[in-house]
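Kindly return the folded structure for what I paste below:
(one chain, ligands or ions: 1)
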Amino acid sequence: MFTKKRSATGRGLTWAAAAGVILVAAAPLAAQPPAQIQAALDAAYAKYKGLQEGKNADYIPALAKVDSKIYGIALVTTDGTVYTAGDVKSEVSIQSISKVFTMAQVMEEQSTDAILKTIGVDATGMRFNSIVAVEWAQKGLGGPEINPLVNPGAITATSMVKGANRDEIWNSILAFESAFAGRPLSVNKEVYDSEAATNQRNQAIGALMLAYGFIKSDPARATDVYTEQCSISVNARDLAVMAGTLANGGKNPVTGKQAMNAENVPEVLAVMATAGLYDDTGKWLYRTGLPAKSGVGGGLIAVSPGKFGIAVVSPPLDDAGNSVRAQKAIADVSNALGGNPYAAFMH
Ligand code: GLN
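Numbering: from 1, shown residues only. Sure thing, here's the model as predicted:
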């Protein structure tokens with residue numbers, strides 16, 4: 001809403017138009033008429049429905065088979081109102097978006113320092129499953145740290161979740177993520193089996209993380225639980241409620257239940273802002289200012305702190321591995337609603 005609008009006469013930005021635009025953006029989201037929020041979703045949905053860019057991930061065979069036409073947008077305000085456009089019921093696997101919540105779980109069970117000191121919170125500048133990034137992170141090589149949103153850091157974070165055995169660890173991860181979604185989530189068995197049969201690279205990363213002392217338990221178990229965690233099945237509405245919970249300081253705005261401590265949320269959002277969209281995180285942040293996280297299943301969540309969580313599901317990905325439609329639709333909706341936290345002085 002605060003983007004420059006041409007006046008009807010075409011002579012540029014008039015004071016009247018500018019004042020109107022700024023007044024709309026100045027209203028807190030809760031005070032924006034629901035029809036206006038809905039209109040922002042509908043406009044973004046319509047604008048990108050016909051877009052034919054990107055393609056499904058296929059390095060996990062089951063993902064190549066997912067209907068690439070699935071396309072839905074959901075937004076949840078911090079007062080718990082849910083807005084939707086398109087298909088918000090079809091489910092995809094959560095994939096890397098789950099990394100955000102396992103990171104949050106370790107912060108809760110241990111501390112935010114445990115993430116900082118054991119894994120690191122810096123962008124690697126490399127692909128999400130880079131082994132070179134692990135080599136560089138070795139002490140003495142002077143390379144960047146890794147973080148919990150790339151595979152080596154994520155598998156390490158999963159290995160840090162507390163539990164006496166695999167079942168206990170897994171149930172605790174599933175319960176933690178379900179609290180964010182506000183309903184009991186379950187696993188897409190086909191995706192899990194497909195990835196478990198083809199994830200030798202992640203197994204190698206797990207072994208390397210043990211060799212370098214990041215992982216202190218069975219790396220095969222950590223990689224397996226991580227793979228199952230990535231296979232959790234979600235729709236756009238679930239993802240938006242998860243994002244809305246982060247926007248609302250860890251309290252699920254729909255169920256009213258506290259899913260994590262409010263005090264750890266800023267650190268979660270900081271890591272998302274640093275590394276949520278792989279190598280394209282900087283470009284994304286530049287465009288939207290929103291902490292976000294993508295997954296190769298085609299989901300993307302983004303958080304406007306104190307205002308709303310938004311999610312789009314659309315499987316076709318760009319070269320960096322981010323959903324093409326999701327990036328465009330979320331950027332449009334957020335800009336229309338004044339979601340950029342770095343532009344908070346404007347609204
Ligand atoms: N399970 C996927 C993997 O480890 C997750 C990757 C992703 O969403 N970027 O390869």
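
is any part of stretch 264-275 close to the ligand?
No - for stretch 264-275, no contact with the ligand is found by CB under 6 Å from any ligand atom; the gap never falls below 11.2 Å. C-beta: built from backbone N, CA, C; applies to glycine.

what's the answer for stretch 301-314, then?
No - contact of stretch 301-314 with the ligand (CB under 6 Å from any ligand atom) is absent, the minimum separation being 12.2 Å.

Mind checking if stretch 282-299 is in reach of the ligand?
Yes - contact of stretch 282-299 with the ligand (CB under 6 Å from any ligand atom) involves Gly295, Val296.

What mean pLDDT does that stretch get?
Averaging pLDDT along stretch 282-299 gives 98.

okay, and for the stretch 101-250 of the chain, where does confidence drop off?
140 (pLDDT under 70).

of all of it, which residue lies closest to the ligand?
Using CB to the nearest ligand atom, Cys230 is the residue of the stretch 101-250 of the chain that sits closest to the ligand, at 3.5 Å.

Quick check: chain neighbours aside, which residue is closest to that residue?
Leaving aside its chain neighbours, Cys230 sits nearest to Gln95 (4.8 Å; criterion: CB to CB, 6 or more residues apart in numbering).

Please list the residues of the stretch 151-300 of the chain that sit near the ligand.
Asn151, Glu195, Asn202, Cys230, Gly295, Val296.

Grab the two from the residues you listed that are most spread out in space.
The distance between the two most remote of these (CB to CB) is 14.6 Å, for Asn202 and Gly295.

ok, the two, which is more surrounded?
Gly295 (27 against 23; other CB atoms under 10 Å).

which SS class is Asn42?
Quick fix: residue 42 is Asp, not Asn. helix (DSSP: H, G, I helix; E, B strand; the rest coil).

And it, how far from the ligand?
Applying CB to the nearest ligand atom, to the nearest Å, the value for Asp42 to the ligand is 28 Å.

Look up phi and psi at the most centrally placed residue in the chain.
The residue lying closest to the centre of the chain (CA atoms, centre = their mean) is Lys293, at 2.4 Å. With angles defined as degrees, to the nearest 10, Lys293 sits at phi -150, psi 130.

Just to check, it is in contact with Lys99?
Yes - between Lys293 and Lys99 there is a contact at 7.1 Å, judged by CB atoms under 8 Å.
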